[in-house]
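Trainee: Sequence first, predicted model second:
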Amino acid sequence: MSSLDRILPFLRPIEDLLRDPAITEVMVNDGGRRVFVEREGALEAVPDRTLEPRNLTVAIKNIARACGDEISDVQPLLDAVVAYLPVRASQAGADIGLYFAADGLAIFLMRLPTGWLTDRITTRTLVTTGATATAVAIAMLLLPLTTPLMIVSGLIGGAGGAIVMTPILVELSRRSTDADRGSAFALFSGGLATAMTLGSIGGAPIVAMFGLSAALAVGIALIGASIALTLADASLRSKGPGARPGPEMAVATA
């Protein structure tokens, strides 16, 4: 039984709002006497909806327990980070677990093929292809969520991420030397971790103010910017160090 199923018996008057995939947030104020929803980034009051204070209190306590915390008169505040995509998937009846499983499976299955492709195709082509696939996967999440759609999105997103990573690491190795390669990889790892952290911190206010769809759109725009930068780098036209020699290289060698 999911966390939502455990609290729904106490929230029957707003059950349809909680399950509506077009609604990104439900707010209950004034002891259950006023209900608001966020739909497409706009806040709306829902008339003629009230909740019994006792049922609301039980629902809040169950939500706190689902987050691994407790709330009471002694501890009246609960700090928690809302996982927006799982909530939206749960509202739509989609299985978020299969999305993450598909993502991980695609990353695993694409590891070896990506290495083979990196030896034969330019870094520019692979990075733009992987980034485009990731953008498509994110764009799919803007559609009404279903389990099959989330599985396909996870597969495309995981494959896109796997395709991007190997050529970037090979390119980083090519551009560094024995004297600074360790530092280069350390800076890359630190930059990646920083970007993920800043993305989470920056995404939360966007979701809070404009909704999940707006945050996804910003992510797609940033991916588009990265593709533009990749295309602008003329040095990425060359293949990796393991590329087979072309006619020009063969003549030069001869």
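Mentor: Okay, I see it. Since this is a predicted model, take the numbers as computed values, not measurements.

Trainee: Which strand residues bridge the nearest residue to Ala22 once chain neighbours are set aside?
Mentor: Excluding the flanking residues, the one nearest Ala22 by C-beta to C-beta, 6 or more residues apart in numbering is Arg39, at 5.6 Å. Using the backbone N, CA and C atoms, a C-beta is placed for each residue, glycine as well. When bridges are called by DSSP bridges, Arg39 pairs up with Ile23, Ala42.

Trainee: Identify the residues contacting the spatially most central residue of the chain.
Mentor: By C-alpha atoms, centre = their mean, the chain has its centre lying nearest to Ile138, at 7.2 Å. The neighbours of Ile138, taking C-beta atoms under 8 Å, 6 or more residues apart in numbering as the test, are 153, 157, 216, 219-220, 223.

Trainee: Tabulate those residues (TSV), appending pLDDT.
Mentor: Below are these laid out as TSV (pLDDT from 0 to 100):
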residue	pLDDT
Ser153	95
Gly157	94
Leu216	88
Gly219	89
Ile220	92
Ile223	92
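
Trainee: Of the residues you listed, which is the most crowded?
Mentor: Using other C-beta atoms under 10 Å as the neighbour criterion, Gly157 leads the contacts of Ile138 with 24 neighbours.

Trainee: Name all residues that make contact with that residue.
Mentor: Contacts of Gly157 by C-beta under 8 Å, 6+ apart are 103, 106, 133-134, 137-138.

Trainee: same deal with Glu15?
Mentor: Residues counted as contacts of Glu15 (C-beta under 8 Å, 6+ apart) are Leu8.

Trainee: Okay, Gly203 and Ala101: tell me how far apart.
Mentor: As judged by C-beta to C-beta, to the nearest Å, Gly203 and Ala101 stand 23 Å apart.

Trainee: Output stretch 6-16 as PDB - backbone C-alpha positions only.
Mentor: Below are the C-alpha coordinates for stretch 6-16, written out as PDB (Å, rounded to 0.1, in the frame of the first residue of the first chain):
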ATOM      1  CA  ARG A   6      -2.900   5.200   3.600                       C
ATOM      2  CA  ILE A   7      -4.000   8.800   3.900                       C
ATOM      3  CA  LEU A   8      -6.800   8.800   1.300                       C
ATOM      4  CA  PRO A   9      -9.500   7.500   3.700                       C
ATOM      5  CA  PHE A  10      -9.000  10.700   5.700                       C
ATOM      6  CA  LEU A  11      -9.000  13.000   2.700                       C
ATOM      7  CA  ARG A  12     -12.100  11.800   0.700                       C
ATOM      8  CA  PRO A  13     -13.400  15.300   0.000                       C
ATOM      9  CA  ILE A  14     -10.300  16.100  -2.000                       C
ATOM     10  CA  GLU A  15      -9.400  12.700  -3.300                       C
ATOM     11  CA  ASP A  16     -10.200  13.700  -6.900                       C
END
